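S.K.: Here you go, sequence then predicted model.
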Amino acid sequence: YSTPQAPLKGIRVLDFSRILAGPYCTMAMADLGAEVIKIEKPGSGDDTREWGPPFVNGQSTYFMSVNRNKRSITVDMKKPEGLKIVKDLVKSCDVVVENFVPGTTKTLGIDYESLKKENEKLVYASISGFGSDGPRATRRGYDVMLSALGGLMSITGEPNGPPVKVGVALTDVITGLW
């Protein structure tokens, strides 16, 4: 929803994220009144469009829940005309959110340094499992893996039993909030 009292009303967000942590982050921004434009890959869009059941009218409720209050467009950022569309959008955005494996945005030409040339006031938020540098920087980070590495799985399940996956992707949800 968007009301005159919405704290993020007037803020425009370009959302390159997918799966959960990034979409949850931008969902919260949209819920608080920001205009969020989600960029999806041509053909299939965000992978979570196919996640289910449950489905409502053929659509994934998972996808709908974390992408509510957003507008989506498909753009092939690997093509020059797609990159031009993105750079034109960035000129009128306040925030970019992405959760690619570090290095991917540079390859695509949508890294902070490239997009800052289009909009010097741009706030650029990168979400990654292991940060942008260091020995694990290029590894993908998934909720269950990070829950195990961080010890969260060691406190779930039966006493004296093996680690157990948390029922909700709590690590991704908390990451999206912060």
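M.R.: Right, received. Where do you want to start?
S.K.: Need the contact partners of stretch 63-73.
M.R.: For stretch 63-73, contacts defined as Cβ atoms under 8 Å, 6 or more residues apart in numbering pick out 1-2, 15, 20, 23-24, 26-27, 30-31, 35-40, 45-46, 48-49, 51, 56. All C-beta spots, glycine's among them, are computed from the backbone N, C-alpha and C.
S.K.: In ChimeraX, how would I select the buried members of those?
M.R.: Here is the ChimeraX command that picks out the buried ones among these, judged by 16 or more other Cβ atoms under 10 Å:
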select :15,20,23,24,26,27,30,35,36,37,38,39,40,45,46,48,49
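S.K.: did I read that right, Ile39 in a strand?
M.R.: Yes - counting by DSSP: H, G, I helix; E, B strand; the rest coil, Ile39 is part of a strand.
S.K.: show me what contacts it?
M.R.: For Ile39, counting by Cβ under 8 Å, 6+ apart, the contacting residues are 14-16, 72-75, 77, 86.
S.K.: Among those, name the buried ones.
M.R.: 14-16, 75, 77, 86.
S.K.: Out of these, the closest to Ala137 would be?
M.R.: Phe16 (18.1 Å; Cβ to Cβ).
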